[in-house]
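K.L.:
When you get a sec, could you give me coordinates for this:
(2 chains, ligands or ions: 2)
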Amino acid sequence: MRVMKVRVDTDRCTGHGVCESIRADVFEVGDDGMVHLLNEEFTADMRPQLEEAVAECPTQALRLED
Amino acid sequence: MTEVEAHLVVVGASLAGLRAVEAARRAGFAGIITLVGSEEHLPYDRPPLSKDFLTDVESPPIPTLREEALLRDELGVHLRLGAPATGLNTTDRTLFVDNEPLHYTSLVIATGASPRTIPGTEGLAGVHVLRTIDDARAIRSALDAGARTVVVGAGFIGSEIASSARQRGSVVTVVEAMPTPLARPVGEQMGAVLGSLHERNGTTLRCGVGVDAIEGQDRVEAVRLADGSRIEADLVVVGVGVAPNIEWLTDSGIELGNGIECDKTLQTSAPGVYAAGDIASWPNPLFDTRMRLEHWTIAAEQGGAAGRNAIDPENAVAFETVPYFWSDWYGKRIQFVGVAAGFEEIDLVAGDLEGDTFVVLYRRGDRLAGALALEQRSQVMKYRMMIAKGASWDEAKEFATARAAAAAAKAANPPPG
Ligand SMILES: Cc1cc2nc3c(=O)[nH]c(=O)nc-3n(C[C@H](O)[C@H](O)[C@H](O)COP(=O)(O)OP(=O)(O)OC[C@H]3O[C@@H](n4cnc5c(N)ncnc54)[C@H](O)[C@@H]3O)c2cc1C
Ligand code: SF4
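P.N.:
Ligands and ions are numbered 1, 2, ... in the order given. Modelled structure (predicted):
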């Protein structure tokens, strides 16, 4: 199975949590005001929602890597 | 019969339009895509214009959302920039760009909104609105010169401009005609609480008094208020709201009202024509009410939804969302989720209203209707999800109590390290 990774640019993330509202089991904004990944590797069936999170992040802080 | 190649045309080359293009390609659309925009620039991001763009020490670049090569080569988009749409014939599916016909099979309209101005001030140097990169550059250079600043309108954008001007060391006054700022989006009490941030950071806030005149010959000199007082100014920024850019559609037959009237899939009254972003009014199924929002996140979400629905109308999906916006003042983040209109009770569940951080919940009936947070980034989206699920007020309060207990325990026993 193809596995991908999510990268967070911590200089860009300002903790909007839009990603969290798309997939709360993957993203969580912590008390430090920064997103934390609750998972490290993801399966292909999650791709559409991860892509959505990448697209909707207001600061373009997220990236998908195969 | 030969098949006509599918052609998706998107009008308005900003956030919602860009998302429509990206979503259509991501959904596998292989036809032609044309992105039409009246500004010369590639799609760029507006929120920074009232924030970092004004405060950064170094003169900042345009906050471009996508580079031209990516749009052209990877997404295969034909760009028609600096070219306003001037008309639309929905019967033969023709858009007019600079009066030239452009045939489409599906169309997404995302022409956004433009700031309202104060009549009679058009030619006066030093008076600005803020919507475009050119507006932002003009305001920035006035601030570079240390302009004494008056902001007319204490809405979110006006307040951000005031905050940025303060940060640049300017003397700043915000004038608001209503007795409290932001009463519509967050309610009177919380509007006053947010307004107090201005006073606490050295900006003068004058509420309940209108602007009588903006004085000056060729260049602004002062703002005269309805109570007779006069504030000297080198820079006046008018932030009194925006109006949707619908004039070019007047003769199109498309149903207009407060923006473009869409159905729940964001389709306009014309088949094959969808709308998204600040221009679109649609019945939000989550709230059983028609909304037209002017929020970044919603414009982005709607753009995606309109793009997907436009290329596959048979399988069009209703667009539903819990409104979310943020605003940054004096280095502090304000976030609001949900709908404040019609709330019956508010309750402070974290922090304190005079302090630097808080969370306030809004109740309507027995439901959680909204949440307003100042510098509480870890909480807001949890409430957004609860509102989406129709969470009860009791559930929300329980959640808040548990969060508060966890925070207190953590403060008493800080984790090692
Ligand atoms: C200074 C500023 C700060 C903001 N800060 C925040 C914030 O902190 N948080 C938040 O949630 N939201 C914020 N917003 C709001 C957010 O930026 C908007 O909701 C968003 O830009 C809407 O996107 P849109 O694509 O619908 O419309 P717009 O961004 O308005 O884009 C519409 C585009 O269509 C073009 N156009 C208009 N007429 C035509 C025509 N006839 N033909 C072709 N093109 C046309 C326009 O020139 C424009 O480029 C801010 C807005 C501004 C201006
Ligand atoms: S949406 Fe973007 S900015 Fe917001 S928390 Fe997620 S990664 Fe960070």
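K.L.:
and residue B:224, helix, strand or coil?
P.N.:
Using DSSP: H, G, I helix; E, B strand; the rest coil, the structure places residue B:224 in strand.
K.L.:
Bridge partners for residue B:324, pull those for me.
P.N.:
Beta-bridge partners recorded for residue B:324 (DSSP bridges): residue B:337.
K.L.:
where does the stretch 251-400 of chain B come near chain A, residue by residue?
P.N.:
Contact residues of the stretch 251-400 of chain B with respect to chain A, defined by CB under 8 Å from any CB of the partner chain, are listed as B:296-297, B:300-301, B:304, B:322, B:324, B:326, B:333, B:335, B:375, B:377-378, B:380-382, B:384-385, B:388. Every residue, glycine included, has its C-beta placed from N, CA and C.
K.L.:
Just the buried residues of those.
P.N.:
B:296-297, B:300-301, B:304, B:322, B:324, B:326, B:333, B:335, B:375, B:377-378, B:380-382, B:384-385 (16 or more other CB atoms under 10 Å in any protein chain shown).
K.L.:
Residues contacting the helix ranked longest in chain B from elsewhere in the structure, which ones?
P.N.:
If each helix of chain B is counted by residues according to DSSP state H, the longest one is helix B:393-412. Judged by CB atoms under 8 Å, 6 or more residues apart in numbering or on different chains, the contacts made with helix B:393-412 from elsewhere in the structure are A:31, B:347, B:349-350, B:359, B:361, B:363, B:366-368, B:379, B:382-383, B:386.
K.L.:
how about low-confidence regions in chain B?
P.N.:
For chain B, the stretches with pLDDT under 70 are B:1-3, B:415-417.
K.L.:
how about a cut-off of 50?
P.N.:
Across chain B, residues meeting the criterion (pLDDT under 50) sit at B:1.
K.L.:
where does it come near ligand 1, residue by residue?
P.N.:
Remark: the part of chain B in contact with ligand 1 comprises B:11-17, B:36-39, B:46-47, B:49-50, B:84-85, B:110-113, B:130-131, B:157, B:245, B:248, B:277-278, B:294-297, B:299, B:325-327, using CB under 6 Å from any ligand atom.
K.L.:
Report the buried members of those residues.
P.N.:
Restricting the residues of chain B next to ligand 1 to buried positions leaves B:11-17, B:36-39, B:46-47, B:49-50, B:84-85, B:110-113, B:130-131, B:157, B:245, B:248, B:277-278, B:294-297, B:299, B:325-327, with burial counted as 16+ other CB under 10 Å.
K.L.:
For the longest helix of chain B, list every residue counted as buried.
P.N.:
If you call a residue buried by 16+ other CB under 10 Å, then helix B:393-412 has these buried ones: B:393, B:396, B:399-400, B:403.
K.L.:
Tell me the predicted confidence for whatever residue of chain A ends up closest to ligand 1.
P.N.:
Closest approach of chain A to ligand 1 (CB to the nearest ligand atom) occurs at residue A:58, with a separation of 7.6 Å. Note for residue A:58: predicted pLDDT of 89.
K.L.:
What of residue A:49?
P.N.:
In this model, residue A:49 carries a pLDDT of 89.
K.L.:
ok so, going back, just the ones of the residues of the stretch 251-400 of chain B next to chain A in helices?
P.N.:
Cross-referencing these with the helices (criterion: DSSP H) gives B:296-297, B:300-301, B:304, B:380-382, B:384-385, B:388 as the overlap.
K.L.:
ok, these vs ligand 1, which is closest?
P.N.:
residue B:296 (3.6 Å).
K.L.:
tell me which residues of the longest strand along chain A are tucked away?
P.N.:
In chain A, with assignment by DSSP state E, the single longest strand is strand A:3-8. Neighbour counts over strand A:3-8 (16+ other CB under 10 Å) mark A:6, A:8 as buried.
K.L.:
Using PDB, write out every CA atom in that strand.
P.N.:
The C-alpha atoms that make up strand A:3-8 are tabulated as PDB, following Å, rounded to 0.1, in the frame of the first residue of the first chain:
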ATOM      1  CA  VAL A   3       2.000   5.500   2.200                       C
ATOM      2  CA  MET A   4       2.400   9.300   2.400                       C
ATOM      3  CA  LYS A   5       3.600  11.800   4.900                       C
ATOM      4  CA  VAL A   6       2.300  15.100   6.000                       C
ATOM      5  CA  ARG A   7       4.800  17.900   6.600                       C
ATOM      6  CA  VAL A   8       4.100  20.900   8.700                       C
END
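K.L.:
So what are the sheet partners of that strand and their directions?
P.N.:
Assessed with DSSP bridges, strand A:3-8 is paired to strand A:41-43 (antiparallel), strand A:62-65 (antiparallel).
K.L.:
any idea of the mean pLDDT for the first one?
P.N.:
For strand A:41-43, the mean pLDDT works out to 83.
K.L.:
Any part of the helix or strand following that strand near chain B?
P.N.:
Taking DSSP states H and E as the definition, the helix or strand that follows strand A:41-43 towards the C-terminus is helix A:47-56. Yes - contact of helix A:47-56 with chain B (CB under 8 Å from any CB) involves A:51-52, A:55-56.
K.L.:
Just give the number of residues close to the closest residue to residue B:241 other than its chain neighbours.
P.N.:
Once flanking residues are discounted, residue B:241 sits nearest to residue B:116: 5.3 Å by CB to CB, 6 or more residues apart in numbering or on different chains. Counted by other CB atoms under 10 Å in any protein chain shown, the residues lying close to residue B:116 total 14.
K.L.:
Alright, that wraps it up for me.
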